[in-house]
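Asks: coords please:
(2 chains)
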Amino acid sequence: DTAVSQTPKYLVTQMGNDKSIKCEQNLGHDTMYWYKQDSKKFLKIMFSYNNKELIINETVPNRFSPKSPDKAHLNLHINSLELGDSAVYFCASSTTGPGNTIYFGEGSWLTVV
Amino acid sequence: AQKITQTQPGMFVQEKEAVTLDCTYDTSDPSYGLFWYKQPSSGEMIFLIYQGSYDQQNATEGRYSLNFQKARKSANLVISASQLGDSAMYFCAMSPFSGGSNYKLTFGKGTLLTVNP
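Replies: You can find the predicted model right below:
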């Protein structure tokens, strides 16, 4: 069983389109995250949700909207896609609190053409 | 703010030898956690090892050990008896404990390790 799963794994789309990436975790964690890995492999947090409440919202364009319908799911919707949005998007989860390991999904490769 | 520095963009090691991947960090928080992740060419992020700033002993997980030197603010990863499957990108990351539920990882830029047969 995959602990943190995200779909789709690969996504190629045109500029201006709207797309969503879905994430589910079966670890019983109460905190979920979206991280972005750019073309230089640099990883940076975008959002985190704790018990469905938005906790962290880094300086991300408001074209990116996360939604957490329940503790086990965190989706990422992106409006009006731009070329610069091409990246790998990782979903992750952990239990609340410091020192707890954050477990990552396999990543979703988004290419905007 | 936290900062992680990995000064080795790439490292090479012979199979069965040990290798050390460097990581230094900067934080004003008195307590924090340090992590290492592995990213093989297939792309997934795999958790390897964790060290708490107040842990008295260096963390070990199988062939992985973390050489934690708090005064020097370094958290180097040591891989013993390298295997071909260890070839991957390795990321050092940290999170302060002060944030409560505002808990997130700050990553270094990574080190690409190549294990030669």
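
Asks: skipping adjacent residues, who's closest to the residue of chain A most remote from its centre in space?
Replies: The centre of chain A is farthest from one residue, residue A:99, which by C-alpha atoms, centre = their mean lies 20.9 Å away. Residue nearest to residue A:99 in three dimensions, not counting chain neighbours: residue B:33, with 4.6 Å by C-beta to C-beta, 6 or more residues apart in numbering or on different chains. Where you see a C-beta, it was placed from the backbone N, CA and C, and this is true even at glycine.

Asks: returning to that earlier point: tell me the pLDDT at the residue farthest from the centre of chain A?
Replies: Per-residue pLDDT puts residue A:99 at 75.

Asks: that one and residue B:97 touch, don't they?
Replies: Yes - under the criterion of C-beta atoms under 8 Å, residue A:99 makes contact with residue B:97 at 6.7 Å.

Asks: centroid-nearest residue for chain A?
Replies: residue A:34 (3.1 Å).

Asks: ok, residue 74 - contacts?
Replies: Just so you know, I chose chain A. By C-beta atoms under 8 Å, 6 or more residues apart in numbering or on different chains, the residues touching residue A:74 are A:23, A:32-34, A:47, A:49, A:66-68, A:91.

Asks: my question was about chain B, not that one.
Replies: Contacts of residue B:74 (C-beta under 8 Å, 6+ apart): B:22-25, B:67-68.

Asks: next one: phi and psi at residue A:74?
Replies: phi -150, psi 120 (degrees, to the nearest 10).

Asks: excluding chain neighbours, give the residue nearest to it in space.
Replies: residue A:32 (4.0 Å).

Asks: which of the three states applies to that neighbour?
Replies: Following DSSP: H, G, I helix; E, B strand; the rest coil, we place residue A:32 in the strand state.

Asks: roughly how far apart are it and chain B?
Replies: Remark: distance between residue A:32 and chain B (C-beta to the nearest C-beta, to the nearest Å) = 12 Å.
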